[in-house]
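1. After the sequence you'll find the predicted model.
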Amino acid sequence: MAALGVLCLALHSDAVPSARLSQRMNRLPRRTFWAWERPEDLHSIDPSTTAVAWLDQTILLGPEVLSQPRRQPLTYPSGATLIAVVRIEALPSAKLDEAAERQAVDLLLNSAHRPGIAALQVDFDATRSQRGFYADLLAGLRRQMPAGLPLSITALASWCSHDDWITGLPVDEAVPMLFRMEPDRRRAPPDLPQFQIREPLCKGSVGISTHEPWPGDLAGKRIYVFADRGWREDLTLLADRKLP
């Protein structure tokens, strides 16, 4: 399946040049706060410097493809840059066929057409056997979503270092998730050569959390921050930790 995914990706002719992709993302603030599925209050943030990436829906891939919309309240200031985030979860019973891909793309397009959003982000921890499905899904989504809307994905840290399967995906960025990482990353020193970010799609951004250690090279990157205990409790931590 992984080899098939690479082959299918190579055959897509609608991939967008990387220079144009980076220009689309550069219109967004350099700092983004993730608002996950819990009550969140971000009304006090500065919308000129900070965007809000809010969980819009969760797509469940099983015998059927289902959507769970956001159920928790979220507040943010007027004029804030908004990024709609869609989480994808594949159940053990998932049928990852063309029909499931079309249904998932249709659900993603609902989020892509939310009024006022500045970007769409997809969060899917695809296993090796799911990579071909994910690559085809992203290609279908990119073809059908608004041409000027940036498409971001989250990425396991390993995807950005020693595992190069995301090279060439039709996305504007892949955000390396440098928190709650895979067990092999958590136990190993962070400066090992095999753990260094090598994938170009991953070099412009980084995902960190409010309570875990941060890497030392945040300057100049688009920084996404996850609140481990929710923003009501964790927002004050950032004043002490000094985001660039």
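-> Okay, I see it.
2. Return the helix or strand in the protein with minimum mean pLDDT.
-> The weakest-scoring helix or strand in the chain, judged by mean pLDDT, DSSP states H and E, is helix 2-11 (a mean of 35).
3. roughly how far out does the host helix or strand of Val86 sit from the chain middle?
-> If you go by DSSP states H and E, Val86 is part of strand 82-90. Here strand 82-90 is found 7 Å from its chain centre; the criterion is C-alpha atoms, centre = their mean, to the nearest Å.
4. and Thr167, what is it in contact with?
-> By C-beta atoms under 8 Å, 6 or more residues apart in numbering, Thr167 lies in contact with 199-201. Placement of C-beta: from N, CA and C, glycine included.
5. cool, Arg38 as well?
-> Taking C-beta under 8 Å, 6+ apart, we find Arg38 in contact with 72, 230.
6. all helices of the protein, in order?
-> In the chain, the helices defined using DSSP state H lie at 2-11, 18-25, 98-112, 131-144, 157-160, 183-187, 231-234, 237-241.
7. Out of the ones you listed, which gets the lowest mean score?
-> Mean pLDDT values for the helices of the chain show the minimum at helix 2-11, a mean of 35.
8. Name only those of the contacts of Thr167 that count as buried.
-> Buried members of the contacts of Thr167, counted by 16 or more other C-beta atoms under 10 Å: 199, 201.
9. So which of the contacts of Thr167 is the closest to Tyr76?
-> The closest of the contacts of Thr167 to Tyr76 turns out to be Leu201 (C-beta to C-beta; 27.5 Å).
10. Contacts only, for the closest one.
-> If you count contacts by C-beta under 8 Å, 6+ apart, Leu201 has them with 18, 155, 160, 166-167, 169, 171, 173-174.
11. repeat that for 7 Å
-> With contact set as C-beta atoms under 7 Å, 6 or more residues apart in numbering, Leu201 has these partners: 166, 169, 171, 173-174.
12. what's the spacing between it and Pro244?
-> Distance from Leu201 to Pro244, counting by C-beta to C-beta, to the nearest Å: 21 Å.
13. Tell me where this protein is predicted with low confidence.
-> Across the chain, the ranges flagged by pLDDT under 70 are 1-22, 181-195.
14. try 50
-> The model of the chain has pLDDT under 50 over residues 1-20.
15. So what's the residue count around the residue nearest to Trp231 when sequence neighbours are not counted?
-> Nearest residue to Trp231, sequence neighbours excluded (C-beta to C-beta, 6 or more residues apart in numbering): Glu40, at 5.1 Å. Using other C-beta atoms under 10 Å, the number of residues around Glu40 comes to 23.
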